[in-house]
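A.B. asks: Here's my sequence, what's the structure:
(4 chains, ligands or ions: 4)
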Amino acid sequence: GDRSSKPAADNDNPTIALIMKSLANEFFSTMADGARDHQKAHADEYSLIVNGIKDERDLAQQMSIVEQMIAQQVDAIVIAPADSKALAPVLKRALEAGVVVVNIDNKLDDGVLEQSGIDIPFVGPDNRDGARKAGEHLAKTLKPGDEVAILEGVPTAFNGQQRRAGFEDALKAAELKIVAVQSGQWEMAKANSVAAAMLSEHPNLKAIAASNDSMALGAAAAIKAAGREGQVKVVGFDNISAVQQMIKDGKILATVDQHGDQLAVYGIEQALAMLKGQAAADDRQTPTDLITAESIK
Amino acid sequence: MNTPAPAPGSDQPTLLSLRGICKSYAAPVLTDVDFDLHSGQVHALVGANGAGKSTLSRIVSGLTPGDGGAMTLGGQPYAPGGKAEAEAAGVQMVMQELNLVPTLTVAENIHMGHLPSRFGWVRRSVMNAQAREALTAAGLGDVDPSAPVSTLGVGQQQMVEIAATLRRSCRVLILDEPTAALTDPQIDLLFEQIAMLKQRGVGIIYISHRMDEIFRIADRITILRDGRVITAQPTGELTMDVIIRHMAGRDPVEATDMGERTPGAVKLRVEHLSRGKAVRDVSFELRGGEIVGLAGLVGSGRTETLRAIIGADRPDAGCVYRNDSSTPVKIRQPRDAVRAGIAMIPEDRKQDGLLLSQPVRANTTLATMGAVSTAGWICSGDERRAASRFNDIVELRGAGIEQNADELSGGNQQKVVIARWLMRDSEVMLFDEPTRGIDVAAKWTVYRELADLAGRGKAVLVVSSDLRELMAICDRMLVMSAGRIAGEFTRGQWTYDDIMAAAFSNYLNRKS
Amino acid sequence: MGELRPSRRAAIQRMAAEYAGMTLVLAALVGLFSAMSDHFFTTATFSTLANRAADLTVIAVGMTFVLVVAGIDLSVGSVLALGGSVLGVAMAQWGWPMPAAAALCIVTGLAAGAVNGAITVAWAIPSFIVTLGMLEIARGGAYLVANERTQYIGDAIAGIGAPLAGIGVSPAFMIALAVVIIGQIVLTRTVFGRYMIAIGTNEQVVRLSGIDPRPIKAIVFMICGGLAGLGAVFQTSRLGAADPNAGIGLELSAIAAVVIGGTSLMGGRGSVINTFFGVLIIAVLEAGLNQLGVQEPAKRLITGAVIVVAVVADVYRQKLTRARS
Amino acid sequence: MGELRPSRRAAIQRMAAEYAGMTLVLAALVGLFSAMSDHFFTTATFSTLANRAADLTVIAVGMTFVLVVAGIDLSVGSVLALGGSVLGVAMAQWGWPMPAAAALCIVTGLAAGAVNGAITVAWAIPSFIVTLGMLEIARGGAYLVANERTQYIGDAIAGIGAPLAGIGVSPAFMIALAVVIIGQIVLTRTVFGRYMIAIGTNEQVVRLSGIDPRPIKAIVFMICGGLAGLGAVFQTSRLGAADPNAGIGLELSAIAAVVIGGTSLMGGRGSVINTFFGVLIIAVLEAGLNQLGVQEPAKRLITGAVIVVAVVADVYRQKLTRARS
Ligand SMILES: Nc1ncnc2c1ncn2[C@@H]1O[C@H](COP(=O)(O)OP(=O)(O)OP(=O)(O)O)[C@@H](O)[C@H]1O
Ligand SMILES: Nc1ncnc2c1ncn2[C@@H]1O[C@H](COP(=O)(O)OP(=O)(O)OP(=O)(O)O)[C@@H](O)[C@H]1O
Ligand SMILES: [Mg+2]
Ligand SMILES: [Mg+2]
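C.D. replies: Ligands and ions are numbered 1, 2, ... in the order given. Below you'll find the predicted structure:
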């Protein structure tokens, strides 16, 4: 391959390992593509290994990828942790092996970091804030007392928890009535069946807030099947390509762009800076933007 | 042939006594059966297929609970709750069907249920040594106790099973058609063992369809028909004809004239067929309108030869020709053989012959679905009629064509397989032990069927371990020994001793 | 001996008993959910449920066939995703018309199934392992084809999955019903079905009877793959989008439905109609639990328990039927 | 007839041939990856790999047992998650010491396995369906116990999973090795093991020999559950945290490992040692693909192909061995 071995720490072509959650998920594959493009443009500056896990929830596998990357003697690891707590010990081992670690996407738990006595910079968006933006936009189209439901992701996922909290912040502030919160497991088909049940159970439902766009697509399909298009609004999160047309057509009200394509690049840039000794291990928040029919045009 | 010791009569104490035994499945199978067994006695149980012999023995050995009646063993009330209880009370049984675990070794099978062990560890050396003893006693001295059972032929497996049962001490021993898969030398060995057990006062219930055996060893005969005891008499007071009449409930079928047929043109030519060590350079031809026997000792390679001919196993070398053609038939799998008009009736009906969980109807029409269907659609009326017709021909006794094959008695199961191939009407029919486990009356039917087939110009090859049967029905006989054709005889030229000599020839040569 | 032969009347009674058991379980579930939720017992619920069940139904029919020949197909979920991805790309990117794209999707499924079947019979490998391989391969293929993106199609494909005005059920559901009926007829009335059952009972016997079991088995796997492709058309149409992550774990749902319907995992015995009941039980359970808003842990517990209880109940029903006959 | 009898020498040759096939596949994989990556052929890689393989190893040993008795256990992944959750809660919330919590975790696994076994034998239901039910139930239980949160434990449990200084492998891996050896001995040398094989080959015959197969089968399922619990201890120790989502799809990896190792899905035949080779093949493949940074679709395609090829290769090896003997 194009990866050279690492003779010394002050290598002028360091290897960076980007460790994602599921690469089979559009959000992360966009992120990986962004990183690959960046690496191509800066081929003389660093080389890149991109890895993901088979199942977004299989943190044992993500952990062994980290271990393998340590064995592979990479210079830096940029990681989107599958779990905000469990990855801390192995990342500590990476640090001890002299590898620079940057945390992107899903923030590692502060308490655990402190307990482990390590410091890992976080580069990424505030999911709660992003979800709040979408929730507020949704609330503007409704009136107090209207019934709304939330489709959350996998309940164990930190970003899922944050997004749910963000939706709840905004919806409660607008005095909307949250009649149901169920998990769609991040999946379109699963979300579709849950949304269909919510629609049957709550004939007066006015909106569904979904924690990612796949679930938003599933919910939109359920609304259509129930013949309640236009009566029930949907917001999502992530801004995947498939929802953009739906937003244009008005079938989905809004989504949140957390600039996934740039997220890994931010992390890599941070890692490169740290390798060169130019940057400290500081957190860096990346932007989240509300996407609506107007902003797409 | 040694004559049995003078029959121990009723002066001996009654060992096992059955009174009013009843059993029903869908229909009554046993009705009010009384049966007495004295110690040191061989008490034969005979009856047509489905008469209930196996069911009765299963009740005695605790495998099946009876519906009614009472049993005493050694004067004590006896009601086994399972096989283990029956064994504890001293009742052992060799079942009609093979009951071995092919993946375990011979020694492990012999000790099944009682593996010699210390703290849960198998004591292999002890186990193998004991197994070797048991095998030697059963005349299987050359079988390796640590070989997996799956490497043995059916006959050897049957002997292993008998050896396993004989090494356990018992008061009552039930042998359910133990000789169906055995050849004469093995049968002699078995009878020697039976004689030894008699001396020790063991009571033996002996079930067989081979009348010569019954007359050789039985002291007393009980005849069952449709689940009822027809008569129970000392062997000396019964004749073959009487037994058959009682079994069938009618006068014995006229023994079909087995007289010579005039063989027609060659229907099948096998040349230089070889497969491993079991089949070595076998060549022969079959003509239309003749019945050819294939004799040999157990393990001599007869089954393997048939399987190689029809492509069930791929031969290493050799060709098969139909009629007088000089181009061999391309046989890569049984389908090619069946299409070329060659059919085989396998010896192991459970494994290779029957769809056990399917009705008789489906089993009968399996090879001939084309005849009972149009454009892939089954015409159920045609199917039922065809199935009934062919099962009537073989005189199937059971609850009709919708009964599942696994509910049939052993002999009736065999009849269903034969019915399948009668329906297919192949030009060349290779029968592997077609009468194994079939009752005397039904055997005659099968013989008549074979003669019929030959009469219609088919080429018929019959493998049988019952040499006398072959001598009765064949026009010509091939003898296999250690995988080779060791002799060929035509009707009138053969004697029992000549054929046995040929069967042994290749083994003797090698040993010397 | 006349009374021994199972008369036509007895056969009808037995059939009634057979379906009665399933209908009872279904009715119990529906009754329970109706009692617990005000909105469960409505046409809207049932039409949604029926339309959602179309994809699982056709896949479970294919799985029934595979189980009858004593095989198993673990790859149906991945094949569904692969078919859906092909369909999505064909419509969203190549601009194919729906019928052509749907045909391509089914052909993709047939091809995957054909590979499963060919490898299984050519080397006589357990289909469990072959289709486990295909589970990975087809999933990889789905990611490749869809470039790991959900393919948005929209209304162009909605026709099949959308409920028809008036009757409330979708063409997809009606096609699925037709597949069930045809499947049952094939299994019970055709030579092909007879051979399937025979192969599942004892392949050796079939071979020695002069029938080559291999093409039959291969075709069964192909049918199963093709039905997974059809399921992909239904699902994509319903969702208006194709997701390369679709169908994860679907094989277990399908097998559960088939086994709840009393088809034997050992082969040789099966009923497509009962499979359909199994699908309905699973669908009603899922819809009911969703509608009650039961939380994930409880959902899992209840689903697992129902699967086991349904099969245990089936054991008792069979015992009763046998005792009565 | 002397040459027919398999001599001791032939037996040794056959055994060598048996393991040679597996070793070859492994060596080929290692060679390939070493050629393609500079850092693959290092002690660090292999120690990581070995430590990671400990949990899959013990679970695959349990699965081998279950497959030998012609059963299947689909619930191992969920039972691992349940055990891990119990362990996590016991340590993180109740403040239990590690040994006690680990014991509780294993007992949880044993209990789940005992339920699987009891239901399977009591009603004679296919274990496929019973353990499919348990797959759902144990997962639900894991969510309940862990309150759907990852339980962070930290260093308190690291001892078992962390590599020992000096030798580079963890106590977990050494325990796993011991389990493999004990498992092989149990299968080949003990009465229990021989009866397992007999049951897997023909349960009916075992029953006729006066042995009740039910307790033996039940115990086998219990062992499998207990080993899933042990796997949970290993995994939790390595991660320093217990995740109620752990082990999704693990049953398929475990079965793949066992079947690659040549154990029959039909029961009656199996080797724990070969299962271990199967685990190593899967582990090396996964590690190698990760180290090369192969993209997800390609990873899936390669993994699927390797599973099938390994089994096809095994078919040829068996044919060769048989022809030679
Ligand atoms: N499990 C069962 N279910 C239903 N019917 C059965 C069952 N077992 C045996 N039968 C019936 O009981 C009858 C007697 O069978 P049995 O096996 O005792 O006959 P048999 O005298 O041993 O015959 P054979 O000489 O052919 O071995 C048969 O008609 C058979 O169909
Ligand atoms: N590899 C082998 N190892 C040991 N024995 C073998 C091997 N291959 C074949 N045999 C033996 O060759 C013999 C040929 O068996 P075959 O079944 O054809 O004989 P048969 O004359 O029909 O006798 P049977 O009555 O047992 O069926 C069998 O005893 C079989 O065990
Ligand atoms: Mg009998
Ligand atoms: Mg034979």
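A.B. asks: Can you name every helix or strand that the helix or strand where B:Leu173 lies contacts?
C.D. replies: For B:Leu173, the enclosing helix or strand under DSSP states H and E is strand B:172-176. Applying 3 or more Cβ pairs under 8 Å, 6 or more residues apart in numbering or on different chains; DSSP states H and E, one finds that strand B:172-176 contacts helix B:53-60, strand B:91-94, helix B:154-166, strand B:203-207. Using the backbone N, CA and C atoms, a C-beta is placed for each residue, glycine as well.
A.B. asks: Quick check: the gap between C:Ser253 and C:Ala176.
C.D. replies: Going from C:Ser253 to C:Ala176 by Cβ to Cβ, to the nearest Å gives 15 Å.
A.B. asks: more crowded one of these two?
C.D. replies: C:Ala176 (29 against 24; other Cβ atoms under 10 Å in any protein chain shown).
A.B. asks: Show the contacting residues for that one.
C.D. replies: C:Ala176 makes contact with C:53-55, C:57-58, C:234, according to Cβ atoms under 8 Å, 6 or more residues apart in numbering or on different chains.
A.B. asks: Ramachandran angles for it?
C.D. replies: C:Ala176 adopts backbone torsions of phi -60, psi -40, taken as degrees, to the nearest 10.
A.B. asks: got it, and B:Gly487?
C.D. replies: Torsion angles, degrees, to the nearest 10, at B:Gly487: phi -180, psi 150.
A.B. asks: for the closest residue to it other than its chain neighbours, phi and psi?
C.D. replies: Nearest residue to B:Gly487 in three dimensions, chain neighbours excluded: B:Ala502, at 3.3 Å (Cβ to Cβ, 6 or more residues apart in numbering or on different chains). Backbone torsions for B:Ala502, taken as degrees, to the nearest 10, come to phi -60, psi -40.
A.B. asks: Can you read off the pLDDT for B:Ala502?
C.D. replies: Predicted confidence (pLDDT) for B:Ala502: 87.
A.B. asks: ok, it - contacts?
C.D. replies: B:Ala502 is in contact with B:479, B:481, B:486-487, counting by Cβ under 8 Å, 6+ apart.
A.B. asks: can we see that at 10 Å?
C.D. replies: By Cβ atoms under 10 Å, 6 or more residues apart in numbering or on different chains, the contact list for B:Ala502 reads B:295-296, B:477-481, B:485-489, B:494.
A.B. asks: how many neighbours does B:Glu402 have?
C.D. replies: 16.
A.B. asks: And stretch B:26-38, what's buried?
C.D. replies: B:29-31, B:33, B:35-38 (16 or more other Cβ atoms under 10 Å in any protein chain shown).
A.B. asks: out of the residues you listed, who's nearest chain A?
C.D. replies: Nearest to chain A, judged by Cβ to the nearest Cβ, of the buried residues of stretch B:26-38 is B:Val29 at 53.7 Å.
A.B. asks: Determine the three-state secondary structure at that closest one.
C.D. replies: Secondary structure for B:Val29, judged by DSSP: H, G, I helix; E, B strand; the rest coil, is strand.
A.B. asks: Same check on the one 3 residues further on?
C.D. replies: Per three-state DSSP, the secondary structure class of B:Asp32 is strand.
A.B. asks: so what's whichever residue of the stretch 101-250 of chain C sits closest to chain B up against?
C.D. replies: Here the residue of the stretch 101-250 of chain C nearest chain B is C:Gly210; by Cβ to the nearest Cβ that distance is 2.6 Å. Going by Cβ under 10 Å, 6+ apart, C:Gly210 touches B:310-311, B:333-340, B:342-344, B:366-368, B:421, B:424, B:426.
A.B. asks: May I see the buried residues of the helix or strand where B:Glu192 lies?
C.D. replies: According to DSSP H and E, B:Glu192 maps onto helix B:184-199. Neighbour counts over helix B:184-199 (16+ other Cβ under 10 Å) mark B:184, B:186-187, B:189-191, B:193-194, B:197-198 as buried.
A.B. asks: Dump those residues into a markdown table; add distance to B:Leu98 and pLDDT as well.
C.D. replies: Converted to a markdown table, the buried residues of helix B:184-199 look like this (distance: Cβ to Cβ, whole Å; pLDDT from 0 to 100):
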| residue | distance to B:Leu98 | pLDDT |
| --- | --- | --- |
| B:Asp184 | 20 | 79 |
| B:Gln186 | 15 | 81 |
| B:Ile187 | 17 | 86 |
| B:Leu189 | 18 | 85 |
| B:Leu190 | 16 | 88 |
| B:Phe191 | 21 | 91 |
| B:Gln193 | 19 | 87 |
| B:Ile194 | 20 | 90 |
| B:Leu197 | 22 | 89 |
| B:Lys198 | 26 | 90 |
